[in-house]
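Any chance you could fold what I've pasted below:
(chains A, B and C)
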Amino acid sequence: MPVTWTLLLVLALAVAGYFIGRSRVLSAAGGDSRRLHSRTSYYGWNVALFTAVPALFLIGIWSIAKPASGTVLAVVALIMAAVGMGFNLMRTTPDFRARNAVETFVRYLLILCSMIAIATTAGIVFSMVFETSNFFKQYSWTEFFFGSTWSPRFGGGSQLGILPLVWGTLYISFIALAVSIPIGLFAAIYMSEYASPRLRSFAKPAIEVLAGIPTIVYGLFALVTVGPMLRDYFAQPLGLGSSGSSVMTAGLVMGIMLIPFVSSLSDDIINAVPQSMRDGALGLGSTPSETVRKVVLPAALPGIVGAILLAASRAIGETMIVVLGAGAAAQMSMNPFEAMTTITVKIVSQLTGDTDFAAPETLVAFALGITLFVVTLGLNIVALYVVRKYREQYE
Amino acid sequence: MNDMSKVERTVSQTDIKISARKVQVYYGDKHAIKDVDVDILDKTVTAFIGPSGCGKSTFLRCLNRMNDTIDISRVEGKIMLDGEDIYDKRVDPVQLRAKVGMVFQKPNPFPKSIYDNVAYGPRIHGLARNRAELDEIVEKSLRGAALWNEVKDRLAEPGTGLSGGQQQRLCIARAVATQPEVLLMDEPCSALDPIATSQVEELIDQLRTEFSVVIVTHSMQQAARVSQKTAFFHLGNLVEYDDTDTIFTRPQDPRTESYISGRIG
Amino acid sequence: MTDATFPVSSAPAAKSSLLVVDARTRKRNAAEARFRAYGLGAILISVALLVILMFTIFRDGTGAFRQTYLEIPVTLDAAQLDKVGNRDPEDLKKVLTTSYGKILENSLQQAITSNGINVEGLSGPDVANLISKEASAQLRNRVLANPDLVGQTVDARVLTNGRVDGYYKGRVTMETAARDSNTSPAQLQLADALKEKGLIATEWNWSFLTMPDASDQRPEAAGVGIAILGSLYMMLVVLVLAVPIGVAASIYLEEFAPKNRLTDIIEVNISNLAAVPSIVFGILGLAAFINVAGLPQSAPIVGGLVLTLMTLPTIIIATRAALKAVPPSIRDAALGVGASKMQSVFHHVLPLAMPGILTGTIIGLAQALGETAPLLLIGMVAFVRNFPGAPPEGLMDPASALPVQVYNWTQRADPAFFERASGAIIVLLVFLLCMNLFAIFLRRKFERRW
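Sure, this is the predicted structure:
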């Protein structure tokens, strides 16, 4: 029997349970709802929740894990629903504290939902740790972390050193931050300290639009527009290379992507500096720019450092722009117009297409993934801590 | 305090430092200050009193053009500082504010060291040619604000670590260090406890040997204690302006009398 | 008070006039003007970049919504298509697309002759090559859907080859055609001649939105139909899972959670999850849902689950902000008349926070809609030609997704696919724009200041 039908049957049972529960308790109370402990609908809800929720959980887990056929599922789920319904109809008497039962039930549901965040993190860690340990059984961890050559060969004899990927990641992130921090920060300063309401009402949404554009769009922009432009007008005339994909292409475009991120974070942080601080400086005869440079920015510095760390973590973890803009050549070079590659690019290339989960060439993606996860998590934790401390200072 | 007052009587109080004529202030559509004429004397403490929302702070902020920082505010009329119109097109508000310093309601030390807080004004206005001169200005200003003995051993510590009263005196020292001619104080004691308040009041009384001080206060007792001249504002109008003694003993206007006797406010 | 020693300034500075701006102030004002210019410059650069980005996407992408068609009468020869002669669909199915290709080829030759067009320098196959390889399959489908057409002469609107299409969109020129093995200047001249006779026209292309992806050789036939459907399915999964779970988690954390270690851990966890690189969620999806749970690759259900986990933190953060904005007085009022904590939340706080929750949800969905990287890892890049079935079973069928389709097309050799990729981005951006406008509308309409 298809899942849809099981689902509908369970729901129908729950709806029936609601009405039966209600009418049962009402008739037991002789139609006088004032004699009940809780309002009548709680008796209905009590039956309905205990009928539907456990069975729905079963269906959900079952359709992902699929231990047996759909018919078995239907039978088990319906039995579960019927038991829940029967048991709760039995305890439906006028003295039964239905509201408390429902509220306790809902409370546990809420707790369960909030645990999903922890489950997700645990899932991420376990899924990667398991495969990574498989990888390190086949490949030495020193060669992975300190190897300077990346040349996977399906067929054996691969060299899987992470250093070229780290270099590419850091180089691109550096360019991205060098573009986005000055522009984003200055835009935020202008917006919060100078802009007329009219300019603000137009420029702020425009920058927010930049933030809402998916990274694949930036990736295509890098591939189709920025890459060829840099190649034709800079790299080739200067004799620096002939590749459209390059560190510069990916870095510039990623920088554009990060501008709104940096500016909206800085905007929040600059606005958290109390107005009295600005008044104090202006009252002493500072120009507005002196107020910003000598009072507001130093006051906001911890927050801005936090914002920059968050932006760095974004740059390191960004995938689509580098997949389309940076190239696939794992090398360590200083020339920004050469194609290089990043950790995220290699995760994608090792895990798409034909994958063999016994081969180190595939499993290395998990080791790359956990490295990426640990680095970005570290940056985030530090950044969030710094920003939180900063905010508390002015609250 | 009485001894001090006697000494100060000898200081000339006749020089007019600031004179305002027909000043109007609008916040958007709101007419916040109506037709105010007032002459503020040099080396004198002038108090602005009145119920909250009467416009006394607004008028104070006109005197060093702090209202410029609010987009919707508009000032009309003439305000002359030493005979020069401060709203003249040629006047740079930055230069004006160096001459007319301001201390705010809430102590607002910058998140810097005590030394850097005081040195801030001299640095931006280029008042010291070298470190020694700057040190001298900082020390003098802190002494002037009666704070030197309390902080001289910890000048490198952040100004935000001081107590509320100390912070406010630090802000006064910061304003004094710029060597202003007029010092505006917007309810400088409203965030302080009684002991800190009396310290600051004592300080204000000493400051007038150097500057013309204008203080906005919601406390009539404070006005009576520190000022020689008092202006009473009500609903945006300057109702009465006279010697402090006169205002508190023989007010001319019935509204002033109601206010000081506690019937409005 | 002992150290108060006045006067402060031993030697009062010389009186300076306010009306004269001194040199130092002039310098400071110049620095001020420079600083302002940097700020304004930064904003102008950001806005200009946005304009350039949008301009290039639209310049490259609008072509995907226009398509060059050849309109000729086609004689569906019964002798070739229905040798048995009973119009039985089962028998008709045995005739392969090649036969339809022949029919189209003949019809084109006839049209050329009857219009008196000179095809000098072009061989028969070169002429036939003018028609898209997809066209014969489309004609076959049309006949299979309506067997009575066999034996008739019908007006057919057939796709032209991608190069001819590109020629009318400016992508292909006579010069590039001369170097191109897939077309030739003579072929383009033939197309021009046909256009002159009104047989070739470039028209609005609805089928871009409805057709499935097409193979490397047929960019002219590629569409985003399956990608739109796949994205829609995934959004459905996200909506059904992430919203209730996210709201429930927020209610617990904001209204019920005791202040303890566990709550702290959950909160730190959520804000960190919001900043975990999306590709990591892809690895999780691959390991947990495909390798361990054994769900099929390329299925919208897996994409939906991964995006759900990714979107949850966004929704939780937005919902908590919305709940926090409801003033405590509302809760007190409800508790004061004897409501339980749960009743005060569900009857009063939650309805008041609803607009904020909706806005946050839509923004979370918009984020999920544009996400690409994690979907690459769970096999959504696969080439899919068959539309998935109706949900919930259809959620297990292979499908694509809009952003992944874009990526997919950028990996193809034929530059015509770049036009398709930009076109798909326009579709994606239109969806995002609608979602964001809706969010703004909700915010404006229900915004409440306490």
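
Quick check, central residue of chain B?
residue B:184 (1.9 Å; C-alpha atoms, centre = their mean).

strand partners of the host helix or strand of it, parallel vs antiparallel please.
Element membership of residue B:184, judged by DSSP states H and E, is strand B:182-186. In the sheet, strand B:182-186 lines up against strand B:100-103 (parallel), strand B:212-216 (parallel) (DSSP bridges).

For residue B:248, which non-adjacent residue is spatially closest?
Distances taken as C-beta to C-beta, 6 or more residues apart in numbering or on different chains place residue B:224 nearest to residue B:248, at 5.4 Å, with adjacent residues excluded. All C-beta atoms are positioned from the backbone trio N, CA, C, and that covers glycine.

Spell out the secondary structure type for the one you found.
helix (DSSP: H, G, I helix; E, B strand; the rest coil).

which residues in the chain form strands?
I went with chain A, as the question did not name one. A:150-151, A:159-160 (DSSP state E).

actually chain C
Assigned by DSSP E, chain C shows strands spanning C:66-75, C:153-159, C:200-204.

tell me the most buried of the ones you listed?
strand C:66-75 (a mean of 20; mean count of other C-beta atoms under 10 Å in any protein chain shown).

Residues contacting that strand, please?
Residues outside strand C:66-75 that contact it (C-beta atoms under 8 Å, 6 or more residues apart in numbering or on different chains): C:103-104, C:106-108, C:110-111, C:130-131, C:139, C:152-160, C:164-165, C:167-169, C:194, C:198-205, C:207-208, C:220.

Parallel or antiparallel, list what pairs with that strand.
strand C:153-159 (antiparallel), strand C:200-204 (antiparallel).

Dump those strands into a markdown table; add mean pLDDT as well.
Formatted as a markdown table, those follow (pLDDT from 0 to 100):
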| stretch | mean pLDDT |
| --- | --- |
| strand C:153-159 | 86 |
| strand C:200-204 | 86 |
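
Redo those strands as JSON lines? Include distance to residue B:153.
Formatted as JSON lines, these follow (distance: least, C-beta to C-beta, whole Å):
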{"stretch": "strand C:153-159", "distance to residue B:153": "87"}
{"stretch": "strand C:200-204", "distance to residue B:153": "82"}
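
how about the ones you listed, which one is nearest residue C:20?
Closest to residue C:20 of the strands paired with strand C:66-75 is strand C:200-204 (C-beta to C-beta; 69.0 Å).

Now find how far off-centre that closest one is within its chain.
How far strand C:200-204 lies from its chain's middle: 25 Å, per C-alpha atoms, centre = their mean, to the nearest Å.

tally of neighbours for the spatially closest residue to residue A:355 that is not a sequence neighbour?
Nearest residue to residue A:355 in three dimensions, chain neighbours excluded: residue A:362, at 4.7 Å (C-beta to C-beta, 6+ apart). When neighbours are counted by other C-beta atoms under 10 Å in any protein chain shown, residue A:362 registers 20.

Now do the contacts for residue A:362.
Taking C-beta under 8 Å, 6+ apart, we find residue A:362 in contact with A:350, A:351, A:355, A:356.

domain parsing for chain C?
For chain C, the structural domains run C:65-205, C:225-446, going by automatic domain parsing.

got CSV for those domains, with distance to residue A:367 too?
Shown next, in CSV, are those (distance: least, C-beta to C-beta, whole Å):
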stretch, distance to residue A:367
domain C:65-205, 42
domain C:225-446, 11
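
Pick out the shakiest of the ones you listed, pLDDT-wise.
Among the domains of chain C, domain C:65-205 carries the lowest mean pLDDT, at a mean of 84.

Isn't the residue nearest to residue B:248 up against residue B:249?
No. Applying C-beta atoms under 8 Å, one finds residue B:224 not in contact with residue B:249, separated by 9.9 Å.

the more surrounded of these two?
Legend: neighbour count by other C-beta under 10 Å for residue B:224 and residue B:249, higher for residue B:224 (18 against 10).

For stretch B:170-188, the averaged confidence score.
Average pLDDT, stretch B:170-188: 92.

low-scoring stretches of the stretch 1-150 of chain B, by residue?
With pLDDT under 70 as the threshold, the stretch 1-150 of chain B has low-confidence stretches at B:1-14.

Please name the residues that touch residue 236.
Because you didn't say which chain, this covers chain A. Applying C-beta under 8 Å, 6+ apart to residue A:236 gives the contacts residue A:242.

Hmm, no, I was thinking of chain B.
B:31, B:32, B:33, B:34, B:54, B:55.

Show me the two of those that sit farthest apart.
Distance extremes for these: the farthest pair is B:31 and B:54 at 13.0 Å, using C-beta to C-beta.

Could you check which of those two is surrounded by more residues?
Of the pair residue B:31 and residue B:54, residue B:54 is the one with more neighbours under other C-beta under 10 Å, namely 25 against 14.

Would you mind measuring from that one to residue B:231?
The spacing between residue B:54 and residue B:231, counted by C-beta to C-beta, to the nearest Å, is 11 Å.

Next: residue C:389.
Residue C:389 is 83 Å from residue B:231, where distance means C-beta to C-beta.

between those two, who's got more neighbours?
With neighbours defined as other C-beta under 10 Å, residue C:389 and residue B:231 compare such that residue B:231 has more, 25 against 12.

For that one, which three-state class applies?
What three-state DSSP gives for residue B:231 is strand.

Let me see the contact set for the closest residue in space to it that isn't next to it in sequence.
Nearest residue to residue B:231 in three dimensions, chain neighbours excluded: residue B:241, at 4.3 Å (C-beta to C-beta, 6+ apart). Contacts for residue B:241 were tallied using C-beta under 8 Å, 6+ apart; they are B:38, B:229, B:230, B:231, B:232.

before we move on, what about residue A:368?
For residue A:368, the contact set (C-beta under 8 Å, 6+ apart) comprises A:162, A:165, A:343, A:346, A:347, A:350.
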